[in-house]
Every structure is written in structure tokens, then in C-alpha cells.
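>>> Everything below, folded, please.
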Amino acid sequence: MSTPETARFVRLRVELVLEVDDADAVAKAALRRIAEDTGMPADERTHAENAVTEDTAEALAYLVDPFDLVSEVPGIELAQASWSSEPIEYDPDSPDWDLDEDDDAEDDEEVGVG
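Just a heads-up that it's a prediction; the model follows:
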């Protein structure tokens, strides 16, 4: 059973697999985002610039912000967010990447089926 207090919070899980066609463009966009962040301390800026030029996954982590995904949704306030990115091996034909499979099992459990 849900109480009004627990029903106020919803965990939204999103998993994205992105194909990077131009790592240089991603790094440049991340560098622009870092340059625009006037509140970032100089030592943190240097670390961030090095990270995004050496690792495309780090660059994406600077560019994709969960707040941007929900900031225009009426009636909600982002309470907490965390995210990470990492390079992966991806085979779209592999059954390991069937995202709907996990969702169906969870949906069945939630409605009492299965």
C-alpha cells in the first residue's frame, strides 16, 4: 500500500545507448559547456577539461543533465539525480540488449501477473 507521503516520489529509470559518430564534436561541446560554467573553480575546470578531451563518456556526462530532461514537466520538482556514462560493447542483435524483456517482467510483477 502507498501512503500519500511515499506516493509523492517516483523513481524514473532511463538507460540510453548512444552511438558516437564524432567524438571530437562531443568533446568540443563539453568544453563549451564547461567554459560557460562561470561558477566552476579553476582547478575543477582544468580537471574537467582534461577529462572530456580524453574520454568521450566523460564528455557525454557533462552534456547530458537529468534536470534538463524534466525541467519543463509541470507539477514536478527534481528531488535527486545521479548519472554516469561509460564506454560499452554493444551488439543490437544480442538478446542481452533486449530492453523490453526486463520491463515486461517488472510490469507483470507490479500488476500481480506471473
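>>> can you give me how far the helix or strand hosting residue 58 is from the chain middle?
Here residue 58 is covered by helix 56-63, with elements defined by DSSP states H and E. On the basis of CA atoms, centre = their mean, to the nearest Å, helix 56-63 sits 10 Å off its chain's mean C-alpha point.
>>> so what does it touch, helix or strand wise?
Applying 3 or more CB pairs under 8 Å, 6 or more residues apart in numbering; DSSP states H and E, one finds that helix 56-63 contacts helix 23-36, helix 42-54. (Glycine included, C-beta is placed from N, CA and C.)
>>> Name the surrounding residues that touch that helix.
Residues from elsewhere that reach helix 56-63, judged by CB atoms under 8 Å, 6 or more residues apart in numbering: 18, 20, 23, 26-27, 29-30, 33-34, 48, 51-53, 83-87.
>>> Now with 6 Å, please.
Helix 56-63 is contacted by residues 20, 23, 26-27, 29-30, 33, 51-52, 85-87 when judged by CB atoms under 6 Å, 6 or more residues apart in numbering.
>>> Tell me which of the helices and strands packed on helix 56-63 lies nearest to residue 94.
Among the helices and strands packed on helix 56-63, the nearest to residue 94 by CB to CB is helix 23-36 (23.6 Å).
>>> CA atoms only for that closest one - export them in CSV, please.
Extracted as CSV, the C-alpha positions of helix 23-36 are listed here (Å, rounded to 0.1, in the frame of the first residue of the first chain):
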residue,chain,number,x,y,z
ALA,A,23,33.9,12.1,-30.6
ASP,A,24,35.7,15.4,-31.4
ALA,A,25,32.4,17.3,-31.7
VAL,A,26,31.2,15.8,-28.4
ALA,A,27,34.4,16.9,-26.7
LYS,A,28,34.1,20.4,-28.1
ALA,A,29,30.5,20.7,-27.0
ALA,A,30,31.5,19.6,-23.5
LEU,A,31,34.4,22.1,-23.4
ARG,A,32,31.9,24.8,-24.4
ARG,A,33,29.6,23.8,-21.6
ILE,A,34,32.5,23.8,-19.1
ALA,A,35,33.6,27.3,-20.3
GLU,A,36,30.1,28.6,-19.8
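>>> Thank you kindly, that will do.
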